[in-house]
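J.: please work out how this folds:
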Amino acid sequence: MNAINTGCEKKTSQYCAVQLENAIAQAEAQYEVEVVGVVTDNCNSMILMHDIIREKIPGIIAYGCNSHLLNLLGDHFTPKDLISKLVKVQKYIRCHTFTAAKLTAVGGLRPVLPGSTRWNSQIDCCKNFISNHGKYLDVIRQSMENAKNKQDSEKELEVYAYLRDNTVYDRVNDTIKVLEPISFSLDRVRNMTRVQ
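T.: Numbering: from 1, shown residues only. Purely as a prediction, here's the structure:
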């Protein structure tokens, strides 16, 4: 209903509160409704904006998106060093013609990369890595037999080392166990929101 180009304007809590007030006024005038609540992102400026808007419009409910909050929680509990290794493996297999084709030929799943804006993508990346692990080893071994440039050979050796490292495999399984309840909760919250 109300989207604006903020340009180079700083998105402070005060600035966002003014924009939200304008949007609420527009909605109430245009649709003859009373706005009783707003859902926002969970960044610090939005949390501060909640206080400003509650002061200006007493009784309004202002809170952050629960799904987004759970996604941030999942991201927080995903070890950055581990996910970096998984991304190197997944990208190498996915982005090289030979390895991508070989993975498809052996019935592997397309590698999943995590993204902070794609909910549950951290756990999806971990589960995908575990599902494909044996196939990745076969594919990378076959790929290492083919001649290639020095840079690709070095990347391939790094990927192979991560795949052969049992601590990486074990840490991925441990991470899945930590992320599963968060992922389950996120799915539940998203499904509850769709029903309403």
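
J.: domain parsing for the chain?
T.: Structural domains assigned to the chain are 13-64, 77-195, following automatic domain parsing.

J.: with mean neighbour count as new columns, can those domains be given to me in CSV?
T.: The way it works is simple: take the backbone N, C-alpha and C, and place the C-beta from them, glycine included. What follows is these, written out as CSV (neighbours: other CB atoms under 10 Å):
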stretch, mean neighbour count
domain 13-64, 15
domain 77-195, 16
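
J.: what residue lies at the spatial centre of this structure?
T.: In the chain, the residue lying closest to the centroid (CA atoms, centre = their mean) is residue 116, at 2.8 Å.

J.: so that one: helix, strand or coil?
T.: coil (DSSP: H, G, I helix; E, B strand; the rest coil).

J.: which helices and strands sit right next to the lowest-mean-pLDDT helix or strand in the chain?
T.: Counting by mean pLDDT, DSSP states H and E, the chain has its least confident helix or strand at helix 66-76, which shows a mean of 86. In terms of contacts (3 or more CB pairs under 8 Å, 6 or more residues apart in numbering; DSSP states H and E), helix 66-76 is packed against helix 121-144, helix 166-195.

J.: please convert those helices to a markdown table, extending it with distance to residue 65 and mean pLDDT.
T.: What follows is the helices and strands packed on helix 66-76, written out as a markdown table (distance: least, CB to CB, whole Å; pLDDT from 0 to 100):
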| stretch | distance to residue 65 | mean pLDDT |
| --- | --- | --- |
| helix 121-144 | 17 | 96 |
| helix 166-195 | 9 | 88 |
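
J.: I appreciate the help and will end here.
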